[in-house]
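Student: Please find the sequence and the predicted model below.
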Amino acid sequence: MNRENKRKTFEKGYYKTHPCRDSFTCKVCGRPVIPDTAGSDHRNHCPNCLSSLHVDEEPGDRAADCGGLMDAIGVWVRKGGEWAVIHRCRRCGKLDSNRIAADDNPMKLMSIALKPLTLPPFPLEHIEKLTALMGGSGSLSE
């Protein structure tokens, strides 16, 4: 059963209280995704490329009409140390957060987490000047 039919079949909020054990094929990388290896009752993204679909307005409600692809653009650490993936919809731009799953690609997670360090929003040559302006020694090699 595809996701569009699920939304029509079950009442609003069904997946908030019921596990979703349906397998699906990732729309981005084409890999089959089996929820049993996720370590959770709610598989909502591909463990290989971490992409998702915009199907929920609130977790589990399947109320979104957008249906756009959602790219993993960042990670953050939730209270208690659990990691979550930040997704952005390609179609409407909505941002969403999803817990990582047990079988998520660790290299992909780390590359997303390190991206701000490898591509800073300012030229690295200006760090010494900026540090000096803020009252520091301004030297990178101490």
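Tutor: Thanks, I have the structure now.
Student: Now Leu130. Nearest residue, chain neighbours left out?
Tutor: Phe122 (7.8 Å; C-beta to C-beta, 6 or more residues apart in numbering). Where C-beta positions appear, they are placed from N, C-alpha and C, glycine not excepted.
Student: Count the residues that sit near the one you found.
Tutor: Phe122 sits with 8 neighbouring residues when counted by other C-beta atoms under 10 Å.
Student: Please identify the helix or strand for it.
Tutor: Under the criterion of DSSP states H and E, Phe122 resides outside all helices and strands.
Student: other SSEs contacting the strand ranked longest in the chain?
Tutor: For the chain, the strand with the greatest residue count under DSSP state E is strand 69-77. Packing partners of strand 69-77 (3 or more C-beta pairs under 8 Å, 6 or more residues apart in numbering; DSSP states H and E): strand 52-53, strand 83-89, helix 106-118.
Student: go again using 6 Å as the cut-off
Tutor: strand 83-89, helix 106-118 (3 or more C-beta pairs under 6 Å, 6 or more residues apart in numbering; DSSP states H and E).
Student: Show me what the residue nearest the centre of the chain bridges to in the sheet.
Tutor: Central residue check for the chain by C-alpha atoms, centre = their mean: the C-alpha nearest the mean position is that of Val85, 3.0 Å away. Going by DSSP bridges, Val85 is paired in beta bridges with Val75, Asn98.
Student: Just to check, it is in contact with Asn98?
Tutor: Yes. The pair formed by Val85 and Asn98 meets the contact definition of C-beta atoms under 6 Å, at 5.2 Å.
Student: rewinding a little: give me the distance between the residue nearest to Leu130 and Leu133.
Tutor: 13 Å (C-beta to C-beta, to the nearest Å).
Student: Give me the pLDDT for the residue nearest to Leu130.
Tutor: In this model, Phe122 is scored at 77, pLDDT.
Student: backbone phi and psi for it, please?
Tutor: phi -150, psi 160 (degrees, to the nearest 10).
Student: Nice, that's everything, thank you.
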